[in-house]
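**Student:** Have a look at this fold, sequence not included:
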């Protein structure tokens with residue numbers, strides 16, 4: 001599937017942890033890096049970090065066509081004072097924004113989201129582009145549902 005080698009990471013944080021990340025921008029990166037080393041030891045249902053495949057840009061095309069209450073792919077507001085984490089500063093979604101996006105996407109399965117999507121809009125001529133995107137879409141949806149269930153927010157970065 002055409003795309004970039006830029007990968008995204010979605011870090012699930014409690015409201016208190018989001019506040020800590022805003023107060024001390026370096027804390028978020030340190031927490032994420034330390035967590036990444038231990039994530040494989042956690043049960044999948046308890047993981048706090050989700051890393052995207054290279055189809056994040058295609059996911060932006062897919063979700064950008066819907067009227068979502070917040071930008072799930074890129075996040076909402078940048079983390080103040082956090083520079084040099086990758087491609088731009090990491091961005092935040094509050095627990096309320098995560099819950100609102102989750103409620104909206106719960107009623108939109110992939111086949112409905114992609115029903116009228118031209119595979120060429122995904123930036124290539126791969127006849128299987130929608131199949132690849134469907135596979136890439138499933139894991140973050142599960143992660144988003146879990147994040148909303150815990151009433152957590154997200155810290156999103158691309159590197």
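**Tutor:** Noted; the coordinates are in hand. Since this is a predicted model, take the numbers as computed values, not measurements.

**Student:** Looking at the protein, which helix is longest?
**Tutor:** Ordering each helix of the chain by length in residues (DSSP state H) puts helix 129-149 first.

**Student:** Name the residues of that helix that come out as buried.
**Tutor:** 129-130, 132-134, 136-137, 140-141, 143-144, 146-148 (16 or more other C-beta atoms under 10 Å). Bear in mind the C-beta positions are built from the backbone N, C-alpha and C, glycine included.

**Student:** Give me the nearest residue to residue 100, chain neighbours excluded.
**Tutor:** residue 69 (3.9 Å; C-beta to C-beta, 6 or more residues apart in numbering).

**Student:** ok so the one you found is a helix residue?
**Tutor:** No. Assessed with DSSP: H, G, I helix; E, B strand; the rest coil, residue 69 is coil; it does not lie in a helix.

**Student:** quick one: it and residue 107, what's the gap?
**Tutor:** Noted for residue 69: a distance of 13 Å to residue 107, by C-beta to C-beta, to the nearest Å.
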